[in-house]
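Visitor: just coords:
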């Protein structure tokens, strides 16, 4: 069974937005440099490499060295964007991310490609389900998961103007272009994507499109109108938005392409419980490895579907 | 004071190294904590390098251009701090706040809290990658800067070091001069018995580095090696000098014993013995007093760092 998204959206790669925006930034800002670890064909830093060969550093299959080297470049005043798959940056190179980037507070942009299980056929060794938990636990890190192509462009550009460590997560597959060029985007702020008062669905990344569909299902089938909030920034999290929604609308469902342990939902739950407890459900990967397969099959097996979000909202609204 | 070197004579360098050894011992005595072994084995060659070769400005640590000085084996922080104090970055009286609550002189160097500390080191195996990033940046900016990195021999067991060694040769980063404190000792015993890395010279050479090797305690030989190493810079290969040293050198009773890697000279007996063998006829109390009023030094340091916080009273002794 393959989940089908409604056909009205165009689909595009977030990593394409990343690769293209890097080139544009490269022209505008001489401080921008890029590093990769033998994955530039997939992360699409190859566009920057072609345009600015003297500012592109191929580090080979050596992610720890890549992160440390980026920290050094940042100390010399450059703005380094580095890429590999999310699992390798935050897994293998976690010590460097934590010590050289976060603790030393260097201006490094960790552009983690292929986040989540929608990586698909490569299987679990390449599917990061834990990266958001790792990065959000880092003190100085700003962590974001842009929803789509448009939001990724904004994220990449914003990172260049922000002084400090940044982690942003991109996917492998084409995802629906849900947001628009003029959709608001601000550090530490969520955005009410569709308003409503029957509970709130918070989503990040590709789950935003599923949250929008869940809302449509609930409206059509039950006359319910949950508010849909896009939260691209996981850290700093928009506490005001969360508390406001809990107070105004009651029950909350969160949706992320990540483990239920320590991720998006877990972060929101802390804010809810401390300020204004309401019934909650966390839609995320339920502590399992998903194997190899079609991306959308894996998402469905893990319960990362519009239908599941809708069902969870019905549960908490009762 | 402008950027430059201190230009000491051989005798002056030997005397400075002796002073620095005393500073290391007194820091660990005051803190009842810390690592004296590595600092004492590296003291001679590092003093020579830092006073006679490194072009720095103690009044303007971040000036550009300057030489970078990275102690990758961060547990040798007492050495790092002693060098900085004696070179004029901050008052030597502050040294006795080493590792105490609220002190800028943390157990492992913190770039954000101590002027003259170039990287926050501590987790072994990171410094060379960061140094390489600085070297690449330096070259892109066409700056006349040398990047000095000190590595422990045990530290070279960390695979991440070899990623950086591989990368620096690949990128022909010939503005890097690495030094290895080759004392063949680590926490669990002799390095070649714990996890053998010999032959180190051959390993560096096959990785593409220019290698020099010699005695790390004879000041004339140290200067000769450093002169040769500097002449070899800028010729398409990074350079390394393997200095043969003895842990705890300068204190004959404790020399070459792996137990001194991380054992502070915490008691009056240990401290006095060490001072005596270094040639200082004083009690630990007299030595402490010779550093002057710590609170005055603390006030000066806080002013230097722009810290507007009330001076922290040290934890009263039991």
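Guide: That came through, no problem. Here the structure is a predicted model, which is why all the values come from computation and not from measurement.
Visitor: Buried residues in the lengthiest helix in chain B, which are they?
Guide: With DSSP state H setting the assignment, residue counts place helix B:10-31 as the longest helix in chain B. Neighbour counts over helix B:10-31 (16 or more other C-beta atoms under 10 Å in any protein chain shown) mark B:13-14, B:16-31 as buried. To be clear about C-beta, it is placed using only N, CA and C from the backbone, and glycine gets the same treatment.
Visitor: Could I get the full set of strands for chain A?
Guide: Ranges of strands in chain A, per DSSP state E, are A:11-13, A:32-36, A:56-58, A:79-85, A:109-113, A:142-144, A:166-169, A:174-176, A:191-194, A:200-203, A:227-230, A:233-235, A:252-259, A:280-285.
Visitor: and the fifth one, which strands flank it?
Guide: Same thing as strand A:109-113. Applying DSSP bridges, strand A:109-113 is found paired with strand A:79-85 (parallel), strand A:166-169 (parallel).
Visitor: now the ones you listed in CSV, with mean neighbour count and mean pLDDT?
Guide: Compiled in CSV, the strands paired with strand A:109-113 are given as follows (neighbours: other C-beta atoms under 10 Å in any protein chain shown; pLDDT from 0 to 100):
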stretch, mean neighbour count, mean pLDDT
strand A:79-85, 28, 98
strand A:166-169, 28, 97
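Visitor: looking at the ones you listed, which is closest to residue B:223?
Guide: Checking those against residue B:223 by C-beta to C-beta gives strand A:79-85 as the closest, at 36.9 Å.
Visitor: Run the angle between the closest one and strand A:32-36 for me.
Guide: Per axes from the mean of the first three to the mean of the last three C-alpha atoms, to 10 degrees, the angle that strand A:79-85 makes with strand A:32-36 is 20 degrees.
Visitor: Just the residues contacting strand A:79-85, thanks.
Guide: Applying C-beta atoms under 8 Å, 6 or more residues apart in numbering or on different chains, the contact partners of strand A:79-85 are A:18, A:22, A:29, A:31-37, A:39-40, A:42-43, A:45, A:63, A:66-67, A:70, A:73-74, A:89, A:93, A:107-114, A:119, A:126, A:128, A:156, A:159-160, B:133.
Visitor: Kindly report the same for stretch B:154-163.
Guide: A:62, A:64-65, A:68, A:96, B:72-73, B:124-126, B:128-129, B:151, B:180, B:185-187, B:191, B:194-195, B:197, B:200, B:207.
Visitor: Among the residues you listed, name the ones in helices.
Guide: Within those, residues falling in helices by DSSP H are A:64, A:65, A:68, A:96, B:128, B:129, B:191, B:194, B:200.
Visitor: Run a quick check on the fifth one versus residue B:151, I expect a contact.
Guide: What that stands for is residue B:128. Yes: Residue B:128 lies in contact with residue B:151 (C-beta atoms under 8 Å); the separation is 6.6 Å.
Visitor: if we can go back for a sec, buried ones only from the contacts of stretch B:154-163, please, as a PyMOL command.
Guide: Buried residues within these, by 16+ other C-beta under 10 Å, are selected in PyMOL with:
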select buried, (chain A and resi 62+64+65+68+96) or (chain B and resi 72+73+124+125+126+128+129+151+180+185+186+191+194+197+200+207)
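Visitor: Can you report how many residues lie near the residue of the stretch 51-200 of chain B found nearest chain A?
Guide: Nearest to chain A in the stretch 51-200 of chain B, going by C-beta to the nearest C-beta, is residue B:133, at a distance of 2.0 Å. Residue B:133 has 34 neighbours, counted by other C-beta atoms under 10 Å in any protein chain shown.
Visitor: next one: residue A:243
Guide: Using other C-beta under 10 Å, the number of residues around residue A:243 comes to 15.
Visitor: Residue A:271 is in contact with that one, correct?
Guide: Yes: Residue A:243 is in contact with residue A:271 according to C-beta under 8 Å; the separation is 6.7 Å.
Visitor: Low-confidence stretches in chain B?
Guide: Within chain B, the stretches with pLDDT under 70 are B:1-2, B:309-318.
Visitor: Break down it into its strands, ranges please.
Guide: B:68-71, B:147-152, B:176-182, B:185-186, B:189-190, B:210-215, B:239-244.
Visitor: Could you count how many residues lie near the closest residue to chain B within chain A?
Guide: At 2.0 Å from chain B, residue A:72 is the closest residue in chain A, using C-beta to the nearest C-beta. Using other C-beta under 10 Å, residue A:72 is surrounded by 32 other residues.
Visitor: Grab the nearest non-local neighbour of it.
Guide: Spatial nearest neighbour of residue A:72, excluding adjacent residues (C-beta to C-beta, 6 or more residues apart in numbering or on different chains): residue B:133 at 2.0 Å.
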